[in-house]
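Trainee: sharing a model prediction with you, sequence too.
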Amino acid sequence: MQFQLATNPKTRHLLLIGAIFASAVLKALYALSRDVFESGPDANGYIPIAKGFSENNFFSPDIVGPPYYPSGYPFILSLLARIAPGNWFELSQLLQIGMFTLACYCFYYLLEHMFSWKIAGIATLIFSFNPAWAVVNSEAMYETLLVSFLIFSIYFLINPRKKFENYPIFTLTMSGALAGIAIAIHPRVLPLFLIIYFTFFFTRIKNVSKGLVLAGSTVLVPILFAMRNLYAKGEFTLMNSFWDGQSFNAFLTGCRSYGCAAERIVASPIGFLEQSFTSGIGFWSPHSGPLMKGTWYHNISVLSYLNGQGYNRVSIYLSLIFSIVIFLSWIYGTLLLHRQNRIYNALLFSLAGTIWLTDILVYGENRHRLVALIFMLPAHSVGILSLLKKFRFREGHKL
């Protein structure tokens with residue numbers, strides 16, 4: 001009996017919807033069957049901010065939290081808190097699951113347009129059923145909405161299904177507005193959008209006026225939130241916790257300026273390189289188990305179970321194997337994708353590499369690999385396809 005993937009587009013479409021919907025149902029059952037929303041690593045910051053926005057006007061100085069925390073994510077949650085103050089935790093979980101489900105759907109068509117439906121299918125299945133994301137969707141964590149709006153923005157920019165091909169200004173405006181929301185949720189994605197816009201301006205848009213439309217629509221929402229912080233707290237910024245975040249970096253802890261950081265690096269370049277290497281390795285550590293590194297973990301994993309049952313050494317070895325395999329899979333898949341589409345492959349590699357690089361300079365938290373995963377999954381997927389072809393069960397077996 002031969003294993004053969006569905007080749008009919010309608011069949012693939014139905015299977016895609018069915019799989020994504022099934023993953024959403026499982027996530028909803030998980031989220032609503034236990035108290036996990038408040039267990040997010042930043043829940044003690046975002047939940048009070050959301051309550052503050054729901055009980056005060058947008059520019060109120062009485063809202064405690066911003067601009068230490070960016071306001072985009074809690075403001076979105078505050079809309080639900082206004083509507084249903086007694087059930088907004090559950091509504092927030094369903095919103096996050098729903099947005100992520102739609103993002104998975106868009107994710108598939110983006111990758112199908114970039115590479116192939118096989119790569120897109122495997123990547124989307126991994127993305128939809130990834131246990132780490134299943135937990136994140138249920139907790140008060142900004143990553144779900146950040147990644148969703150990031151995908152939505154790229155979807156409108158690439159326009160893979162060409163539904164709005166007669167309205168290029170509309171698609172550019174939508175892409176920019178969605179990007180602006182993502183930036184307001186967390187400005188760490190700003191370098192990503194600079195890379196994306198630079199790439200698309202020189203490869204696809206090639207029009208100054210349209211480029212200005214894209215840029216203009218992108219800055220509107222971030223400027224609104226920065227103005228809000230200026231009026232309420234006296235700081236024109238989306239967040240001001242950058243140097244506090246550097247406290248996780250043993251080499252730069254205590255620095256409050258780039259001058260201080262530069263002085264330390266010049267004084268001890270070897271120490272800086274050692275810290276950067278440690279951070280770079282930590283970025284690839286598992287989200288659970290004895291070798292996890294970061295402010296967040298999930299316990300839906302074999303590593304967590306083994307560790308809890310006293311098999312600490314086994315869990316450590318498996319964690320090391322996991323980290324090495326994930327890294328090598330990304331590199332191997334990137335080399336394979338280069339043969340299919342150099343521009344898109346270079347773009348995805350640059351985006352994932354940028355996230356890794358910024359983490360190397362800060363802490364190397366594996367939680368941040370969640371966002372990088374959407375840019376790495378195509379490489380992992382083509383690597384899986386390559387291995388399946390090499391180790392197929394029978395001669396004549398086709399994928």
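Mentor: Okay, I see it. Residues are numbered from 1 along each chain as shown.

Trainee: what comes up buried for the worst-scoring helix or strand of the chain on mean pLDDT?
Mentor: When the helices and strands of the chain are scored by mean pLDDT, DSSP states H and E, helix 242-245 comes last with a mean of 82. Under the neighbour-count criterion of 16 or more other Cβ atoms under 10 Å, helix 242-245 has residue 243 buried. Quick note: C-beta positions are derived from backbone N, CA and C, even for glycine.

Trainee: how far does whichever helix or strand comes after it sit from the chain's center?
Mentor: Following helix 242-245 in sequence order, the next helix or strand is helix 258-267 (DSSP states H and E). With Cα atoms, centre = their mean, to the nearest Å as the basis, helix 258-267 stands 30 Å off its chain's centre.

Trainee: do stretch 355-369 as well
Mentor: Taking Cα atoms, centre = their mean, one finds the center of stretch 355-369 at 12 Å from the center of the full chain.

Trainee: cool, and stretch 160-176?
Mentor: 23 Å.

Trainee: between the two ends of that stretch, what distance do you get?
Mentor: Separation of the first and last residues of stretch 160-176 by Cα to Cα, to the nearest Å is 16 Å.

Trainee: quick one: buried residues of that stretch?
Mentor: Judged by neighbour count using 16+ other Cβ under 10 Å, the buried positions of stretch 160-176 are 160, 171, 172, 173, 174, 175, 176.

Trainee: and it, average pLDDT?
Mentor: Averaging pLDDT along stretch 160-176 gives 80.

Trainee: need the contact partners of it.
Mentor: Residues external to stretch 160-176 that are found in contact with it (Cβ atoms under 8 Å, 6 or more residues apart in numbering): 109-110, 112-113, 153-157, 159, 205, 210, 213-218, 220.

Trainee: which of the buried residues of stretch 160-176 fall in helices?
Mentor: 171, 172, 173, 174, 175, 176 (DSSP state H).

Trainee: any idea how far residue 84 lies from residue 349?
Mentor: Applying Cβ to Cβ, to the nearest Å, the value for residue 84 to residue 349 is 43 Å.

Trainee: scratch that, residue 53
Mentor: 38 Å.

Trainee: any weak-confidence spans in the chain?
Mentor: Scanning the chain with the threshold set as pLDDT under 70 gives 1-7, 163-167, 393-399.

Trainee: could you redo the last one with a cut-off of 80?
Mentor: Low-confidence segments of the chain (pLDDT under 80): 1-7, 160-167, 245-247, 391-399.

Trainee: which parts of the stretch 1-150 of the chain are helices?
Mentor: 9-32, 43-55, 72-83, 88-114, 117-129, 131-136, 143-158 (DSSP state H, counting those that start in this stretch).

Trainee: out of the ones you listed, nearest to residue 322?
Mentor: Nearest to residue 322 among the helices of the stretch 1-150 of the chain is helix 131-136; the distance by Cβ to Cβ comes to 12.2 Å.

Trainee: can you list contacts of the closest one?
Mentor: So helix 131-136 is contacted by 23, 26-27, 30, 36, 100, 127, 143-144, 287, 298, 300-301, 370 (Cβ under 8 Å, 6+ apart).

Trainee: mind putting those into JSON lines with distance to residue 385?
Mentor: Below are the contacts of helix 131-136 laid out as JSON lines (distance: Cβ to Cβ, whole Å):
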{"residue": "23", "distance to residue 385": "21"}
{"residue": "26", "distance to residue 385": "25"}
{"residue": "27", "distance to residue 385": "26"}
{"residue": "30", "distance to residue 385": "30"}
{"residue": "36", "distance to residue 385": "34"}
{"residue": "100", "distance to residue 385": "25"}
{"residue": "127", "distance to residue 385": "16"}
{"residue": "143", "distance to residue 385": "27"}
{"residue": "144", "distance to residue 385": "28"}
{"residue": "287", "distance to residue 385": "25"}
{"residue": "298", "distance to residue 385": "27"}
{"residue": "300", "distance to residue 385": "26"}
{"residue": "301", "distance to residue 385": "25"}
{"residue": "370", "distance to residue 385": "23"}
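
Trainee: quick one: which of these is nearest residue 189?
Mentor: For the contacts of helix 131-136, the nearest to residue 189 is residue 143 (10.8 Å; Cβ to Cβ).

Trainee: tell me the spacing between the closest one and residue 287.
Mentor: According to Cβ to Cβ, residue 143 stands 12 Å off from residue 287.
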